[in-house]
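>>> sharing a model prediction with you, sequence too.
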Amino acid sequence: MTLLKISGGKVVDPVHGIKGEVLDLWIRDGVIIAKPANPEETPDKVIDASGRLIMAGGVDMHCHIAGPKVNLARKMRPEDKRNARPVQRTLLTRSGTGGSVPSTFATGYLYAGLGYTTAFDAAVPPLGARHAHEELQDTPLLDKGFYVLMGNNHYALKQIAANEPGRLRDFTAWLLQASKGYAIKLVNPGGVEVWKSGGGNIHELDEQVGHFSCTPRQIIQGLAQTAMDLELPHPVHVHCNNLGLPGNWRTTLATMEALEGRRAHLTHVQFHSYGGEPDRQDLFSSKTLELAEYVNDHPNLTVDVGQVLFGNTTSMTGDGPLGYYLHKVTGGKWTNADTEMEAGCGIVPVTYREKSFVNALQWAIGLEWYLLVKDPWRVAMSTDHPNGGSFLAYPQIIQLLMDRNCRREVLKRVNPRVLERSQLWDLDREYSLEEIAIITRAGPARCLGLKNKGHLGPGADADITIYNESADIRAMFEMPWKVIKDGVVVVDQGEIREAEGGRTYYVHPEFDSAGVNDIQKWFESFYTIQFANYPVGEEYLAGGGVRSSCGSRS
Amino acid sequence: MTELKVVANATCTFCGCVCDDIELTVEGDHITKAKNACVLGKAWFLNHHVEPGPSARIRGKEVSLEEAMDEAARILTDAKFPIVYGLSDTTCEAQRVAVAIADWVGACIDTTTSVCHGPSGMAFQGVGEVTCSLGEVKNRADLVIFWGCNPAESHPRHWTRYSTMPKGLFVPRGRKDRTVVLVDVRKTKSAPAADIFLQIRPRMDFEVLWVLRALVKGLKLDPADLADTGVSLQQLEDLAGKMKSCKFGVLFFGMGLSMTRGKHLNVEAALALTRDLNDFTRFYAAPMRGHGNVTGADNVVSWQTGYPFGVHLGKGFPRFNPGEFTTTDTLARKEADAAMIIASDPMGNFSQAARDHLGTIPYIALDPKETATTAAATVAFTTATYGINVPGTVYRMDDVPIPLRAAFDSPHPSDELVLRGIEKRVRALQRASAAAR
Ligand code: SF4
Ligand SMILES: [Zn+2]
């Protein structure tokens, strides 16, 4: 029983409406508690945080940090690491490589160093779940988990085509249990299966998915409903069709409408907000306003942005045809890795250039999203790491959001046509620290249904970031003064003090076991591994794992 | 009377097929039946016996596990240029600890990939790869090409489980729905099973692949350009036509491509050819990996260091350079001054120069069997066999992770347990010496 007190810091805790008041925080055994009633009780340790700013640990709800495609990207890109500062081994910590796809230990240290204590990988094919879990075990200092790719899963598509919502629900629950995943992920629903069946893609919500008698619209509706029926802590997580294509905003809007009020999270919306027409780059424009207005009016929706930053990075996606498209754009190396019955994958190195009209407009569209969604609880910080840029760019984005002059300086430098095609220059809004705390921890935690994260009230996990208050916002967020995970100081002024910790979060929704026979019959006809060898055991869960409950959502 | 036990869904780790449908019958510490296994797999399971000797020896003398782990840790921490090598025949759980030790002591970490498909890894870095899990092949492939490999003898169940025979979703008649092509420099035992066999001249793989690229792109070639290749323009035009018109094609390549003249250039040509074909249809490439968990080794070394093999950690961070940091080279150049060899037998199969040097430096060896390498080791551990005595994870050749089930206990410790003991001691020694400074 250790009692820790953090005294005198300015606390920013939007969940409890605390906006920078000087408050003491009390922590017992890794959990935040109310001030002990007994005045005799003295803390075992006091951290004097006077003059500093305190927030809950950051929560990244959409990044790519573990599993098959991430590791393929590591293998494919030695040059990416040669240009990045490596992570040095110390007596306490492992060495690693940086760049757009850091090695696992480096990923944990870098996130922690940034004040982030939770991160979820957004796209794991269930057949590769065991791999993702192994990597997460080697990604220290973070609580973590992943979303399970389902939008092109054959069994799911079959049940949707047959209008069997009960079977779809049982299968989803079975699959989440088997993979020890956290949420349902759709990636280009139906389009990846078309790509795997001879090439091509899907462009309309009502197009048939090749040999399945169902459409993207039905997949979206079916799995959004399933997530709600199973009362999963996180709603369906949607990467819409037509990512990156001019004119795709119509598809994005149609997807939002297709949800018909069901809860859903639309991810990296920046990549889905483009006006214009395919093959007419000159017509490329921002449609953020139209889409953000729809989001503003529909509280069933949340989004994360997928901000683009200028520089070189790696595009990695479950959207196989997108990988091919990007390869055709760059002409460079390309990896595609398709998973039987389940999913696709594309990996391509990309560079976003200031002088490129398209890239600069993508940058502007991302910022527009943050600024045009009125309710910060429904827009989460993301770069879709590493697709738009590294998570290490979050402080830079925070600065751009808090300082309109700063973003106007960039606008003066980039391709001038951006000024005509976006309204970023005219957006005066500047984020407050409370709003930053919402989009970087409180909001994503709420959206993920993580009740003990994203806030500093009694019962919360003692994942806490203490910043040096500074007028230099970017510097302030780049190097927190101290980062505390489960009540232990893990980072002190940029130095890792504790190298282990972090648990894997997963769900375990119940299902009717009568449905398993049919699943097994299907599985045994088409898969190449044994049904009994498919489910991931508990020994693969980092830190013993945390089972998030289904059905307790308020 | 020994108890009879049946282990269903056991996994064979003898080759990269990693068949996980084996049913083992176990009597005491012997496996008496291995249902579903091929000849190689049956031999792997049925011939398995527990080494009678001690679990740990120092310079040939039996010692306790603790003494041996102490000595191993001392050797590794005292060294200026230690190397860690092998890894392809053990679990990912053990591999992860091996890379950790290499990191703590600043070693070169390298795996048997560097002597089989290392060039394929390098080609991957140049071109990328359009690939898929083996179930995609089973369910969709109507054109299957094997190049520079001999699955009939090295991966006996590849055909029946994954690539040519199985009935799949879009190839319901199995073999009848597929065209199978074999390209090799010799007529191997695999040839009779192919619909088309192209025997090319040795060392002409790159040229033939490059001609195919040109043909796929629609370029006109002069038959005389192919004079030295052993195949005719017409044969290759026919093959290029089949490649473009199939629905789902796949090219499996073996060490006949990655380890012959041209090495990584050959594989780059194969990867570029299969990539190009995606402008016409879906076409994939995949290496035929040999050892049971060599693919796991690639994955573990990559996620922990960022690079797949041949990684130098001596400067306190990972650096990658095949040819410089690969084990045959660090030994032959006499750079390594200590080594830890895990589940591999370099004393049995490395070059004379590499073996000569390994014989002069202190080294640690972990292996379930007595080998030339364990026999000459300073510290030798006899360990339990993965997939027979030890559960854990292995990666099939297509990167699919598969669990292992133990059939019976071994009196010997697992690689993982020994490595964890060494890691703990290495770290204690390092902390003590840091405190003394
Ligand atoms: S094909 Fe390979 S893995 Fe399968 S049983 Fe034979 S030796 Fe074992
Ligand atoms: Zn993403």
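It's in. Ligands and ions are numbered 1, 2, ... in the order given.
>>> from B:Gly86, how far out is the residue nearest the centre of chain B?
Geometric centre of chain B, nearest residue: B:Val294, 3.1 Å, by CA atoms, centre = their mean. From B:Val294 across to B:Gly86, the span is 10 Å (CB to CB, to the nearest Å). For every residue, glycine as well, the C-beta is placed using N, CA and C.
>>> again, but for A:Pro480
41 Å.
>>> what parts of the stretch 101-250 of chain A come near ligand 2?
A:Ala122 (CB under 5 Å from the ion).
>>> just the residues contacting the host helix or strand of B:Ala152, thanks.
Per DSSP states H and E, B:Ala152 falls inside helix B:151-154. Helix B:151-154 has contacts (CB atoms under 8 Å, 6 or more residues apart in numbering or on different chains) with B:15, B:158-159, B:163, B:188-190, B:193, B:252, B:254, B:288, B:290.
>>> identify the contacts common to B:Val294 and B:Gly86.
B:111-112.
>>> buried sites along stretch A:204-222?
Counting neighbours by 16 or more other CB atoms under 10 Å in any protein chain shown, one finds that the buried residues in stretch A:204-222 are A:205, A:207, A:209-210, A:212, A:214-222.
>>> before we move on, what about stretch B:332-344?
B:332, B:336-344.
>>> before we move on, what about stretch A:261-274?
Result for stretch A:261-274 [16+ other CB under 10 Å]: buried residues A:262-274.
>>> list the contacts for A:Gly190?
Per CB under 8 Å, 6+ apart, neighbours of A:Gly190: A:151-152, A:157, A:202, A:207, A:209, A:212, A:214-216, A:219, A:241.
>>> got TSV for these, with distance to A:Val379 too?
Below are the contacts of A:Gly190 laid out as TSV (distance: CB to CB, whole Å):
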residue	distance to A:Val379
A:Gly151	23
A:Asn152	27
A:Leu157	31
A:Ile202	27
A:Glu207	30
A:Val209	30
A:Phe212	33
A:Cys214	31
A:Thr215	28
A:Pro216	24
A:Ile219	25
A:Asn241	21
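>>> out of the buried residues of stretch B:332-344, which sit inside strands?
B:338-342 (DSSP state E).
>>> what is the nearest of those residues to ligand 1?
B:Ile342 (20.5 Å; CB to the nearest ligand atom).
>>> beta partners of that closest one?
Taking DSSP bridges, one finds B:Gly86, B:Leu366 as the beta-bridge partners of B:Ile342.
>>> quick one, grab the pLDDT at A:Pro416.
pLDDT recorded at A:Pro416 is 91.
>>> do you know how far it is from A:Leu361?
From A:Pro416 to A:Leu361 the distance is 11 Å (CB to CB).
>>> list the contacts for the residue in the stretch 401-550 of chain A that ligand 2 sits nearest to?
Proximity of the stretch 401-550 of chain A to ligand 2 (CB to the ion) peaks at A:Pro444, 14.0 Å away. If a contact means CB under 8 Å, 6+ apart, then A:Pro444 has A:59-61, A:304, A:380-381, A:454 as its contacts.
>>> and it, how far from A:Arg250?
From A:Pro444 over to A:Arg250 (counting by CB to CB), the distance is 28 Å.
>>> over to B:Leu215?
From B:Leu215 over to A:Arg250 (counting by CB to CB), the distance is 41 Å.
>>> next, the contact list for B:Leu226, please.
B:207, B:211, B:232-233, B:236.
>>> what of B:Tyr284?
A:336, A:338, B:130-132, B:136-137, B:248-251, B:274.
>>> before we move on, the earlier item: what secondary structure does the residue of the stretch 401-550 of chain A closest to ligand 2 sit in?
Per DSSP: H, G, I helix; E, B strand; the rest coil, the secondary structure class of A:Pro444 is helix.
>>> where in the stretch 1-150 of chain B is pLDDT low?
Along the stretch 1-150 of chain B, segments meeting pLDDT under 70 span B:1-2.
>>> and stretch B:222-237, what's buried?
Quick answer for stretch B:222-237 (16+ other CB under 10 Å): B:226, B:229-231, B:233, B:235-236.
>>> one step back: can I get the contacts of A:Gly190 in TSV with secondary structure and pLDDT?
Converted to TSV, those look like this (DSSP: H, G, I helix; E, B strand; the rest coil; pLDDT from 0 to 100):
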residue	secondary structure	pLDDT
A:Gly151	coil	98
A:Asn152	coil	98
A:Leu157	helix	98
A:Ile202	coil	97
A:Glu207	coil	97
A:Val209	strand	96
A:Phe212	strand	93
A:Cys214	coil	97
A:Thr215	coil	98
A:Pro216	helix	98
A:Ile219	helix	98
A:Asn241	coil	98
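>>> of those, just say which sits nearest to A:Gly323.
A:Asn152 (14.0 Å; CB to CB).
>>> surely that closest one is in contact with A:Asn201?
No. Contact criterion CB atoms under 8 Å: A:Asn152 and A:Asn201 do not qualify, at 11.6 Å.
>>> find the residues that touch each one of the two.
With CB under 8 Å, 6+ apart as the test, A:Asn152 and A:Asn201 both reach A:188, A:191.
>>> looking at these two, which is more packed in?
A:Asn152 (31 against 20; other CB atoms under 10 Å in any protein chain shown).
>>> what sits against that one?
When contacts are taken as CB under 8 Å, 6+ apart, A:Asn152 is in contact with A:187-193, A:196, A:342-344.
>>> what is the nearest of these to B:Thr91?
For the contacts of A:Asn152, the nearest to B:Thr91 is A:Glu342 (24.7 Å; CB to CB).
>>> excluding residues flanking it in the chain, which one is nearest the closest one?
Nearest residue to A:Glu342, sequence neighbours excluded (CB to CB, 6 or more residues apart in numbering or on different chains): A:Pro125, at 4.7 Å.
>>> check the gap between that neighbour and ligand 1 for me.
Using CB to the nearest ligand atom, to the nearest Å, one obtains 23 Å as the distance from A:Pro125 to ligand 1.
>>> counting neighbours, what do you get for that residue?
31.
>>> mind listing what's buried along the strand or helix carrying A:Pro321?
For A:Pro321, the host element (DSSP H and E) is helix A:320-330. Across helix A:320-330, burial judged by 16+ other CB under 10 Å covers A:320-327.
>>> near ligand 2 at all, that helix?
No. Using CB under 5 Å from the ion, we find that helix A:320-330 stays clear of ligand 2, coming within 10.8 Å at best.
>>> hmm, who's touching that helix?
Contacts of helix A:320-330 (CB under 8 Å, 6+ apart): A:188, A:191-192, A:194-196, A:199-201, A:243-245, A:315, A:317, A:333-336, A:338, A:344-350, B:128, B:278.
>>> apply 6 Å and report the result again.
A:191-192, A:195, A:201, A:243, A:315, A:334, A:336, A:344, A:346, A:348 (CB atoms under 6 Å, 6 or more residues apart in numbering or on different chains).
>>> filter these down to just the ones in helices.
A:191-192, A:195 (DSSP state H).
>>> which member of those is positioned nearest B:Ala384?
For these, the nearest to B:Ala384 is A:Val192 (41.7 Å; CB to CB).
>>> tell me the contacts of whichever residue of the stretch 101-250 of chain B sits closest to ligand 1?
As assessed by CB to the nearest ligand atom, ligand 1 sits closest to B:Arg157 within the stretch 101-250 of chain B, at 3.5 Å. When contacts are counted by CB under 6 Å, 6+ apart, B:Arg157 touches B:17, B:19, B:38.
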